[in-house]
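> mind looking at a prediction? Sequence and model below.
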Amino acid sequence: MPAPHLQTIILTERGTSIEALDLLGGSAKHLRHVDLPGIPIRWRAGLLAQLKVLKLVQVSQGEFELTTTHLLEILRASPDLEHLELRDMHGPIDHPPSSPVITHTRLRFIKLYNCGQNFAGAILRRIRAPSCNEFYVDEVVTNVEQDLLISLNEDLRNFKELLRATHSQNGSSGITLDEEEFGWNSLLEDVAEHLPTFRVSLCLYNLMIIPCIEWVKDLIQDNPGLAIRFYPGASITQEVLDSIRPMRCVTRLEIRRSLWRDYWSRSLLALKLIGEPLNTNPSSPPLPYLQELHLTDAEWPLQSVLDMVRSRFNPSLWENTERTPLTIKMPRGASPANRLIFDLTTLKAIRETDGVERAQFVGSEKLDGTLAITWDEKKSIPTFG
């Protein structure tokens, strides 16, 4: 029924199938805040206008689907829109190719989650939001590389400068590589509340990681502050690592270890290649501005870490580049659990390697009963500590 003075409508999903509703009797232009989670609506031209907040979750049903024409019409009729949130939207793409781009000067929050790639791309290509400071896109991309390139280079074209500026303003951002997923975000836990934030997360069925890495690399160039996180299930291949190792913007690397044998070999490969010279330039170090290395989750063999730092800080790799000191953080218990003697000799050698600024353990300080023993070479006796 009509409600001419109502400005805010927030409906709650009931969890059962219901017929499409005729929102406020089809006269809803006076609304300014619309939040419809899972409520099918009879969409028609001119239904909504002058909105400030629009939140829609799977609001289409049968012949009353929300099409891109409907949504773009609403956006065009709402120049003061401040908040746009779309979730699980997969409506028809029926707007004319000549539809103009809409600029929303007050739009500060944009979130598209699990929308069809074509639907999300159609909307993102038709809007600009120069004042946006919260931008989140989570998409499932098909297993066709061309679709991925379209998503990165065309769908997100209007927001590239926003992403680049946010990284520069915050001084940091982070790439996350996980099983069948690529993510790039503004490292929310590291920035103050007043700083802009973003997240671009793509579910990639066949692990097309390299084009995503190249896309970020082209966006931020040599602007420092990029962190890369390898999760245990990530596709850490030689090709992926070779695309990362020349990057001059990477200052922090996190490698998470799994006890699964296949995943563990990938983690060791990533650790090893931090120390080896570049294939394209054997006299140059990989990740030349890397400042922090975090080895997390499970025990790490200290000898592998020592081999890496000795290789990485070979003087021949730094003849033409100023050496960047490296801090290494490892979880307590980083020595294999079945060893009763902790390898302090190897840890000491890591710390004394020229180029290692600090090697430290992080995590719980609870005593586990391990007795530390080292061998005093001069006195030829064990030393207990």
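Done, it's in. A quick note: this is a predicted structure, and the numbers were derived from the prediction, not measured.
> element containing residue 72?
Per DSSP states H and E: residue 72 is located in helix 68-76.
> longest helix anywhere in this protein?
helix 261-275 (DSSP state H).
> next, the buried residues of that one.
If you call a residue buried by 16 or more other CB atoms under 10 Å, then helix 261-275 has these buried ones: 263, 266-268, 270-271, 273-275. C-beta: built from backbone N, CA, C; applies to glycine.
> quick one: the strands in the stretch 251-385 of the chain?
Ranges of strands in the stretch 251-385 of the chain, per DSSP state E, counting those that start in this stretch, are 292-296, 326-331, 341-342, 356-362, 371-376, 381-384.
> show me what the first one is packed up against.
Packing partners of strand 292-296 (3 or more CB pairs under 8 Å, 6 or more residues apart in numbering; DSSP states H and E): strand 250-256, strand 326-331.
> just the angle for the shortest one relative to strand 292-296, thanks.
The directions of strand 326-331 and strand 292-296 differ by 10 degrees, with axes from the mean of the first three to the mean of the last three CA atoms, to 10 degrees as the criterion.
> so what touches strand 326-331?
For strand 326-331, contacts defined as CB atoms under 8 Å, 6 or more residues apart in numbering pick out 290-300, 305, 309, 312-313, 350, 355-363.
> hmm, back to that, buried deepest among the helices and strands packed on strand 292-296, which one?
Per-stretch averages of neighbours, counted by mean count of other CB atoms under 10 Å, single out strand 250-256 among the helices and strands packed on strand 292-296, with a mean of 21.
> what angle sits between that strand and helix 261-275?
160 degrees.
> strand 250-256 pairs with which strands?
strand 226-230 (parallel), strand 292-296 (parallel) (DSSP bridges).
> average pLDDT across the last one?
Confidence over strand 292-296, taken as the mean pLDDT, stands at 93.
> try stretch 184-203
Stretch 184-203 shows a mean pLDDT of 80 in the predicted model.
> with just CA atoms, put it into CSV.
What follows is stretch 184-203, C-alpha atoms only, in CSV (Å, rounded to 0.1, in the frame of the first residue of the first chain):
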residue,chain,number,x,y,z
TRP,A,184,44.1,-7.5,-3.1
ASN,A,185,43.1,-5.3,-0.2
SER,A,186,44.1,-2.2,1.8
LEU,A,187,45.3,-4.3,4.8
LEU,A,188,42.4,-3.1,7.0
GLU,A,189,44.2,-4.2,10.2
ASP,A,190,47.1,-1.9,9.5
VAL,A,191,45.4,1.4,8.6
ALA,A,192,43.6,4.0,10.7
GLU,A,193,39.8,4.2,10.6
HIS,A,194,39.8,7.5,8.7
LEU,A,195,41.8,6.2,5.8
PRO,A,196,40.2,4.8,2.6
THR,A,197,39.8,1.0,2.2
PHE,A,198,39.3,-1.4,-0.6
ARG,A,199,39.1,-5.1,-1.4
VAL,A,200,39.1,-6.8,-4.8
SER,A,201,38.6,-10.6,-4.4
LEU,A,202,38.4,-12.9,-7.4
CYS,A,203,37.5,-16.6,-7.3
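> next, the buried residues of that stretch.
Those would be 184-187, 191, 196-202, for stretch 184-203 by 16+ other CB under 10 Å.
> and what of stretch 352-364?
For stretch 352-364, a neighbour-count test (16+ other CB under 10 Å) marks 353, 355-356, 359 as buried.
> how near is residue 194 to residue 133?
Distance, residue 194 to residue 133, using CB to CB, to the nearest Å: 9 Å.
> just residue 167 next, same as before
According to CB to CB, residue 167 stands 13 Å off from residue 133.
> so which of the two has more stuff around it?
residue 167 (25 against 16; other CB atoms under 10 Å).
> please name the bridge partners of the residue lying closest to the more buried one once chain neighbours are set aside.
In this structure, residue 167 finds its nearest non-sequential neighbour in residue 173, 4.3 Å apart by CB to CB, 6 or more residues apart in numbering. Taking DSSP bridges as the rule, residue 173 bridges to residue 226.
> can you pull the contacts of residue 173?
166-167, 184-187, 198, 220, 225-227.
> please tell me I have it right and residue 257 contacts residue 294.
No: look at residue 257 against residue 294 with CB atoms under 8 Å: they stay out of range, at 11.0 Å.
> in contact with residue 155, which residues?
Residue 155 makes contact with 117, 120-121, 124-125, according to CB under 8 Å, 6+ apart.
> please list only the buried members of the residues you listed.
117, 120-121, 124.
> for those residues, which one is nearest residue 140?
Among the buried ones among the contacts of residue 155, residue 117 lies closest to residue 140 (CB to CB), at 6.8 Å.
> skipping adjacent residues, who's closest to the closest one in space?
Per CB to CB, 6+ apart, closest to residue 117 is residue 139, 5.5 Å.
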